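Asker: Build me a model from this:
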Amino acid sequence: VVLCPTLHHFYAYVHWKNLTYRFKAALYVCTSELNAMASLGTEALDVPVFDLSKLCGKTSLEQFSEDDIAMCQGVSKCLHETGCLVVRHPRVLSTHNEQFLDTMERYFSQPAEAKMAEARPNLHYQVGVTPSGVERPRILVDTDLQDQAGTLHHENKATIPTGPDLKWRYMWRVGPRPERTAFAELNAEPVVPGGFPEWREVMDSWGERMLDVANTVAAAAAAGFGLPLDAFSSLMARGPHLLAPTGSDLEQHGRLGTVFAGYHYDLNFLTLHGRSRFPGLFVWLRDGRRVPVRVPEGCLFVQAGKQLEWLTGGYVQAGMHEVLVTESTLKAVQDARAAGRCLWRVSSTVFSHIQSDQVLQPTGSFATAEALRTYRPIRAGEQVQQELEAISLRKAAAAAGAAAGAGAKGEQETRQQCDLAHSDTAAAIM
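Answerer: Okay, here's the model as predicted:
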């Protein structure tokens with residue numbers, strides 16, 4: 001305990017402590033970038049590696065050491081400056097990722113007609129399989145995104161697709177869902193494919209581990225931003241989190257430059273990726289640089305989604321990314337073919353979400369008049385529905401009846417929440 005005999009001394013002490021935290025945060029990021037240089041290669045220097053093990057089990061800021069706070073500020077700084085980070089977490093091991101990839105390779109390697117049994121277009125493909133050629137890259141229909149891509153320097157240009165994504169995807173719900181929601185179709189029961197007795201155990205194990213990491217990152221970011229520790233994680237409780245691996249057939253589409261996922265951002269809160277067996281993921285940093293993602297052994301890649309952008313009033317921007325076939329991909333294909341291994345590129349991806357009935361709006365110090373004008377209050381479920389319509393996973397004509405089973409009372413309550421948020425916004429702007 002440091003005793004400050006005068007108010008002047010007290011303020012000087014607080015200022016010194018704040019500078020100390022800021023210096024440690026900057027030092028942590030600098031050290032992390034040096035680690036990243038060794039692990040990721042020189043092209044990905046701006047993606048720090050954060051070891052989250054020291055934060056595990058800590059439920060209040062009072063339990064955080066100065067080094068913990070410095071790391072949290074490093075996390076928030078990295079999200080602001082780059083939109084992404086690489087993390088280590090004691091619950092996530094390389095063996096878990098490998099087991100998951102093995103299962104998904106077996107599934108995606110099946111004939112297309114066999115996989116179609118798990119497709120649920122009536123639920124906007126938010127559970128079960130999404131076939132190749134269904135999801136439409138947003139850049140094909142979003143003029144603002146097209147204008148944004150047009151400002152990128154030549155060496156950082158996006159590879160513009162000419163049609164729907166070639167990738168398949170499987171959506172598996174992770175974690176508990178709300179007992180009552182106005183967005184039942186976003187919280188549907190999972191689909192279990194036949195012929196995979198280990199399916200539920202493998203999917204739940206990997207998905208829940210990844211969700212643990214998402215919650216830890218959310219808490220670290222909140223602390224780093226000067227928000228309550230649960231500012232984000234409390235909104236994530238019972239959200240429509242999805243384990244959402246993609247499958248891309250490199251035997252059929254393994255040509256240099258083939259786009260599996262066109263230039264886009266993710267609509268959710270935080271997206272987590274495990275290490276893939278085939279490279280091809282590229283991200284854009286906030287300064288416009290396009291860099292390849294190489295996830296070190298035992299680590300996860302984390303990228304900000306649109307819901308985090310909303311909650312921070314744009315202070316953190318949703319990260320842009322694409323997946324395509326590169327020379328490095330083809331080299332990995334050659335090696336896999338020589339070893340007799342599967343030629344499907346699988347991503348071990350989790351989409352963490354804000355709970356569907358929660359209202360998205362800038363929070364805490366991010367709730368400035370300008371931010372509130374740009375990021376108007378909206379229920380998370382409505383934001384997701386709008387995004388799904390834009391990429392052709394949800395038909396606009398079905399919007400009126402999509403949540404018919406949600407219950408009138410739940411609908412009324414969430415509408416009241418949003419109306420209240422609108423009135424608060426108006427008061428803040430006035």
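Asker: dump the residue contacts of Phe64.
Answerer: For Phe64, the contact set (CB atoms under 8 Å, 6 or more residues apart in numbering) comprises Leu55, Lys58, Cys72, Ala223. (Glycine included, C-beta is placed from N, CA and C.)
Asker: Pretty sure the last one sits against Leu229.
Answerer: Looking back up the chat, that one is Ala223. Yes - counting by CB atoms under 8 Å, Ala223 touches Leu229, with 5.6 Å between them.
Asker: which of those two has more neighbours?
Answerer: Ala223 (24 against 21; other CB atoms under 10 Å).
Asker: Secondary structure element holding the more buried one?
Answerer: helix 199-224 (DSSP states H and E).
Asker: And what about Pro160, helix, strand or coil?
Answerer: Quick fix: residue 160 is Ile, not Pro. Classification of Ile160 using DSSP: H, G, I helix; E, B strand; the rest coil returns coil.
Asker: any idea how far it is from Leu152?
Answerer: Taking CB to CB, to the nearest Å as the measure, Ile160 falls 11 Å from Leu152.
Asker: Tell me, what's the model's pLDDT at Tyr125?
Answerer: Listed pLDDT for Tyr125 reads 91.
Asker: quick one: contacts for it?
Answerer: Applying CB under 8 Å, 6+ apart, we find Tyr125 in contact with Ala119, Val134, Glu135, Arg169, Met171, Leu393.
Asker: Compute the number of surrounding residues for the closest residue in space to the first one that isn't next to it in sequence.
Answerer: Looking back up the chat, that one is Ala119. Nearest non-adjacent residue to Ala119, counting by CB to CB, 6 or more residues apart in numbering: Val129, 5.2 Å away. Per other CB under 10 Å, the neighbour tally for Val129 reads 23.
Asker: Report the secondary structure element holding Val129.
Answerer: Element membership of Val129, judged by DSSP H and E, is strand 128-130.
Asker: what residues are up against the closest residue in space to Lys306 that isn't next to it in sequence?
Answerer: Closest residue to Lys306 apart from its sequence neighbours, by CB to CB, 6+ apart: Ala318 at 4.5 Å. Ala318 sits next to Gly83, Tyr265, Asp266, Ala304, Gly305, Lys306, Leu308, Glu309 when contact means CB under 8 Å, 6+ apart.
Asker: Give me the contact list for the strand holding Val129.
Answerer: Contacts of strand 128-130 with the rest of the structure, by CB under 8 Å, 6+ apart, involve Lys115, Met116, Glu118, Ala119, Arg120, Trp168, Arg169, Tyr170, Met171, Val191, Leu393.
Asker: Quick check: mean pLDDT of that strand?
Answerer: For strand 128-130, the mean per-residue pLDDT is 96.
Asker: What is the helix or strand just after that strand packed up against?
Answerer: Beyond strand 128-130 on the C-terminal side, the first helix or strand identified by DSSP H and E is helix 143-150. Helices and strands touching helix 143-150, by 3 or more CB pairs under 8 Å, 6 or more residues apart in numbering; DSSP states H and E, are strand 259-264.
Asker: one step back: Pro279: which of the contacts of Phe64 is nearest?
Answerer: Leu55 (29.5 Å; CB to CB).
Asker: List the buried residues for the helix holding Ala223?
Answerer: By 16 or more other CB atoms under 10 Å, the buried positions in helix 199-224 come out as 199, 202-204, 206-207, 209-224.
Asker: cool, and stretch 233-246?
Answerer: Buried residues in stretch 233-246 (16+ other CB under 10 Å): Ser233, Leu235, Met236, Arg238, Gly239, Pro240, His241, Leu242, Leu243, Ala244, Pro245, Thr246.
Asker: and Lys157, how many neighbours?
Answerer: Neighbours of Lys157 (other CB under 10 Å): 12.
Asker: So which residue is smack in the middle of the protein?
Answerer: Among the residues of the chain, Thr271 comes closest to the average C-alpha position under CA atoms, centre = their mean, at 1.6 Å.
Asker: so what's it closest to, chain neighbours aside?
Answerer: Of all residues not flanking Thr271 in the chain, Gln303 sits nearest, at 4.9 Å (CB to CB, 6+ apart).
Asker: got it, and Glu370?
Answerer: Leaving aside its sequence neighbours, Glu370 sits nearest to Gly313 (CB to CB, 6+ apart; 7.8 Å).
Asker: okay but that neighbour is in contact with Tyr375, surely?
Answerer: Yes - using CB under 8 Å, Gly313 makes contact with Tyr375 at a distance of 5.6 Å.
Asker: from memory Gln146 sits against Arg138, does it?
Answerer: No - using CB under 8 Å, Gln146 makes no contact with Arg138, being 9.6 Å away.
Asker: didn't Pro228 look like it was pressed against Ala222?
Answerer: Yes - the pair Pro228 / Ala222 is scored as a contact, 6.5 Å apart, by CB under 8 Å.
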